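Trainee: What follows is a predicted structure for the sequence shown.
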Amino acid sequence: MDKQPGFMKALKCRECGREYPLTATHVCEFDFGPLEVVYDYDKIKGALTRATIESRRKSMWRYRELLPTAGEPTVGLEVGFTPLIKADRLAKRLGIRELWIKNDTVNYPTLSFKDRVVSVALSRAKELGFTTVACASTGNLANSVAANAASAGLKSYVFIPSDLETGKIVNSLVYGANVVGIKGHYDEVNRLCAEIAGKYGWAFVNVNMRPYYAEGSKSMGYEIAEQLGWRLPQHTVVPMASGSLLTKIQKSYQELTKLGLVTDSKYSVHGAQPTGCSPISVAQKAGLDFFKPVKPNTIAKSLAIGTPADGFYALKVMKETGGAADDVTDDEIREGIRLLAECEGIFTETAGGVTVGVAKKLIASGKIPSSDSAVLCITGNGLKTLDAIMGHVGQPREIRPSLREFEAMLESENKSAISA
Amino acid sequence: MPVNVRIPTPLRKLTNEAELVQVNAATIGDAIAELQNRYPGIQDRLVDENGEVRRFVNVYVNEEDIRFLQNQQTPLKDGDEISIIPAIAGG
């Protein structure tokens, strides 16, 4: 099917190792294990140096040999290379020596890390000849599929739980996508999509295109290492929904090490979940290597996956790298959102509040030592989840356009500040 | 009692490409055994060497995951619909 596989060799089952051709397929026919792209690392080593990467434009595609397209990418060429911010004020508040924010709240074009995975999935879908793309989504992915499909001239269907935040629904509809709200939680949306994907010849980015799609997340890890001056961070805190991003961050660090682009150094990858949907975190804290599915109930809707597809592998990665997991309540999520906004001027969605809240807990408990350095992966923009924070950040004071009223207001506030 | 089983794409080679199969069974465990009678080899794909449903296989009865019901002991009634779906999707 594929005459020019680029740097890819095959798809391979993570469970039993059986290999498959590079088509739109995601599970092993034998044991239903996930298929993963296998690369020709010798060929990549000959083609990819720090100098080559640095000479390219500032997007995720500067690492294109490590991303699963056969030819040059065609969708999302400007995605990625988001800022890595040194967060000194937040570091002080959380009590750690050095802290960095990987700021995907400003990823192009739809303000979440999902543009990374969609850029890969749609580029690959076009190579395989698809004209309709689709996804099961908690919101951010739907936004990204809708926008990137529109710009690529592809037809799109996005399936979401019908009770999502208004911002995320409007952000899909505006691009002309076919938005289907399912009366159920994400796991039910996902099950339906798995059935639809088996029946219709569409490229479901996170079903039959999943082996390619998931690889897009690696670009976040490559960028972190390059932006730190080609070194791996001691600690990376990653939000977990399916657990896929966390596993791909580890893979990106492993690949950079294998290719000699960074020196081999110890790193830990930590996972963050909301308490209202924490199957992976609960299992990690109990020392288990399997998880129990849950029914989600949290304001962090983008992380509300009760049956996380990569849960087993996320647990394995944390174990291998000495990472830990924890979870935070809805109030702690809002506090995390405010902390990041007030200290660093970054407005994250609920998932980012989860990441900040869990980082705070892991630092306080010493699981991330206060003398170390950490990177927090902030994956989505706060403007999309206004519903979650509305009413928790105070109200504007209203006065008439009168200097006297303004001064009276300041005076009364100063008085109450002094008496407080 | 007769129930309908939706067969996922990766298993249709075993069912002669049938998407929907009717079996007579009182529980999920019975249904899997009955599928094995009709389509030898299918049981190995669904269940591991300890008799547990494989970790990357999700089984639903009328849209509910059997892990929230009684796993393989989940009782079935006339007309129930069983879906077998690869767990790896989404996220």
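Mentor: Here it is on my side, so go on. Since the structure is predicted, the reported quantities are computational estimates derived from the model, not experimental observations. Numbers count the residues shown, from 1 in each chain, chains lettered A, B, ... in the order given.
Trainee: what separates the residue of chain B found nearest chain A from A:Ala309, distance-wise?
Mentor: Per CB to the nearest CB, B:Gly91 is where chain B lies closest to chain A, at 2.2 Å. For the C-beta atoms, the positions are set from N, CA and C on the backbone; glycine is no exception. Distance, B:Gly91 to A:Ala309, using CB to CB, to the nearest Å: 5 Å.
Trainee: what touches both of these two?
Mentor: Common contacts of B:Gly91 and A:Ala309 (CB atoms under 8 Å, 6 or more residues apart in numbering or on different chains): A:Ser242, A:Gly243, A:Ser244.
Trainee: Also near chain B: which of these, exactly?
Mentor: A:Ser242, A:Gly243, A:Ser244 (CB under 8 Å from any CB of the partner chain).
Trainee: Just the closest of the residues you listed to A:Arg50, please.
Mentor: A:Arg50 lies nearest to A:Ser244 out of those, by CB to CB, at 27.1 Å.
Trainee: In this model A:Asp310 seems to touch that closest one, though I could be wrong.
Mentor: Yes. Judged on CB atoms under 8 Å, A:Ser244 makes contact with A:Asp310 at a distance of 4.6 Å.
Trainee: what touches both of those two?
Mentor: B:Gly91.
Trainee: Can you show me the helices along chain B?
Mentor: In chain B, the helices defined using DSSP state H lie at B:28-38, B:42-46.
Trainee: neighbours around A:Pro266, how many?
Mentor: That one is not Pro; residue A:266 is Lys. 8 (other CB atoms under 10 Å in any protein chain shown).
Trainee: Now do the contacts for it.
Mentor: A:Lys266 makes contact with A:Gln234, A:Gly322, according to CB under 8 Å, 6+ apart.
Trainee: one more time with 10 Å
Mentor: Counting by CB atoms under 10 Å, 6 or more residues apart in numbering or on different chains, A:Lys266 touches A:Leu232, A:Gln234, A:Thr321, A:Gly322.
Trainee: Selecting buried members of those in ChimeraX, what would you type?
Mentor: Paste this into ChimeraX to select the buried members of the contacts of A:Lys266, with burial taken from 16 or more other CB atoms under 10 Å in any protein chain shown:
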select /A:232,234,321
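Trainee: What about the contacts of A:Lys266, which are in helices?
Mentor: Mapping the contacts of A:Lys266 onto helices (DSSP H) picks out A:Thr321.
Trainee: Now render the contacts of A:Lys266 as CSV, adding pLDDT and distance to chain B.
Mentor: CSV is the format used below for the contacts of A:Lys266 (pLDDT from 0 to 100; distance: CB to the nearest CB, whole Å):
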residue, pLDDT, distance to chain B
A:Leu232, 98, 24
A:Gln234, 98, 26
A:Thr321, 98, 20
A:Gly322, 98, 24
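Trainee: What parts of chain B come near chain A?
Mentor: Counting by CB under 10 Å from any CB of the partner chain, the residues of chain B close to chain A are B:6-14, B:19, B:44-46, B:48, B:54-58, B:60, B:63-65, B:67-68, B:83-91.
Trainee: Inside strands: which ones of the residues you listed?
Mentor: In strands, judged by DSSP state E, the following of the residues of chain B next to chain A are found: B:Arg6, B:Val57, B:Asn58, B:Tyr60, B:Glu64, B:Asp65, B:Ser83, B:Ile84, B:Ile85, B:Pro86.
Trainee: all strands in the stretch 301-420 of chain A, in order from the N-terminus.
Mentor: Counting by DSSP state E, counting those that start in this stretch, residue ranges of the strands within the stretch 301-420 of chain A are A:325-328, A:373-378.
Trainee: so where's chain A shaky on pLDDT?
Mentor: Applying pLDDT under 70 to chain A flags the ranges A:1-4, A:420.
Trainee: hmm, I was thinking of chain B
Mentor: In the prediction, chain B carries no residues with pLDDT under 70.
Trainee: Identify the residue spatially nearest to whichever residue of chain A sits closest to chain B, adjacent ones excluded.
Mentor: Residue nearest to chain B within chain A (CB to the nearest CB): A:Ser242, separated by 2.2 Å. Distance criterion CB to CB, 6 or more residues apart in numbering or on different chains; nearest residue to A:Ser242, sequence neighbours excluded, is B:Gly91 at 2.2 Å.
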